[in-house]
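Trainee: Give me a 3D structure for the following:
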Amino acid sequence: MRYHLLPLIVLAGGLLLAATPTPSLDLSVEQQQRLAAGDVVVLDTLPPGASKAARGATGMAIVRAAPPQVWRVLTDYRGHVRYYPRVIGVEVLEADERHALVRYEIGIGPTSFTFHLNKYPDPVRRRIEWQLAEGRANSIFRENSGYWQIDDASGGTMVTYAIAVRTTLPGFFTSGSERQSVIDTITSMRKLVESEAGAPPR
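Mentor: Numbering: from 1, shown residues only. Just a heads-up that it's a prediction; the model follows:
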């Protein structure tokens, strides 16, 4: 039995464009067993709409908490400093039920960079999509898109996190960092949610 993502609705500029199916994320039996054992499974799959020049990955894991608890943490944008690697500051500039403009500051060594993301939460689909906000100061980023998807799962909630980024930095400087960032983000977010939900330590 394989795990498939349902057809997606692509959002751009906050407007509903089309309901277009995307390739399924097929998990092998071994990968499903790893998920059940508590591992973070990472695939070399970019989110829909990513450019061919982007680097990124998609990660999946089981969180021992109910979907509403996971959703509450993911949509607490100011709280992203608690689990996103290198994020040292967050400011919500605009927000309503279907859109938020969020300014992030990340620290790399002694230097910090800022960028802006348009976030599109969809509580019905339990999905948050984002993309780099055009016309805003985005420092080293030329592309930054992705999504969080949460689904019911045995023993808690299945979370899927995908990112695609393109920066002005040389490729050798960032090689492999996106994949590790996916693992670190999911691991830290899961630990935070499970702690707040009162789940026993892993």
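
Trainee: Give the bridge partners for the most centrally placed residue in the chain, please.
Mentor: Most central in the chain under Cα atoms, centre = their mean is Tyr161, positioned 3.9 Å from the mean C-alpha point. Assessed by DSSP bridges, Tyr161 has beta-bridge partners Gly59, Trp148.

Trainee: just checking, what packs against the longest helix anywhere in the chain?
Mentor: Determined from DSSP state H, the single longest helix within the chain is helix 177-197. Contacting helix 177-197 under the criterion 3 or more Cβ pairs under 8 Å, 6 or more residues apart in numbering; DSSP states H and E are the following elements: strand 41-43, strand 55-63, helix 67-74, strand 156-167. Quick note: C-beta positions are derived from backbone N, CA and C, even for glycine.

Trainee: give me that answer again for 6 Å
Mentor: Packing partners of helix 177-197 (3 or more Cβ pairs under 6 Å, 6 or more residues apart in numbering; DSSP states H and E): strand 55-63, helix 67-74.

Trainee: just to revisit the earlier point, ok, the residue nearest to the centre of the chain - contacts?
Mentor: With contacts defined as Cβ atoms under 6 Å, 6 or more residues apart in numbering, Tyr161 is in contact with 59, 148, 182, 186.

Trainee: ok now do the second one, which residues does it touch?
Mentor: If a contact means Cβ under 6 Å, 6+ apart, then Trp148 has 74, 128, 161 as its contacts.

Trainee: Tabulate those (TSV), appending distance to Arg190 and pLDDT.
Mentor: Putting the contacts of Trp148 into TSV (distance: Cβ to Cβ, whole Å; pLDDT from 0 to 100) gives the following:
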residue	distance to Arg190	pLDDT
Leu74	11	98
Ile128	16	98
Tyr161	10	98
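
Trainee: quick check, nearest of the residues you listed to Ser177?
Mentor: The shortest separation between Ser177 and any of the contacts of Trp148 is 15.1 Å, and it belongs to Tyr161 (by Cβ to Cβ).
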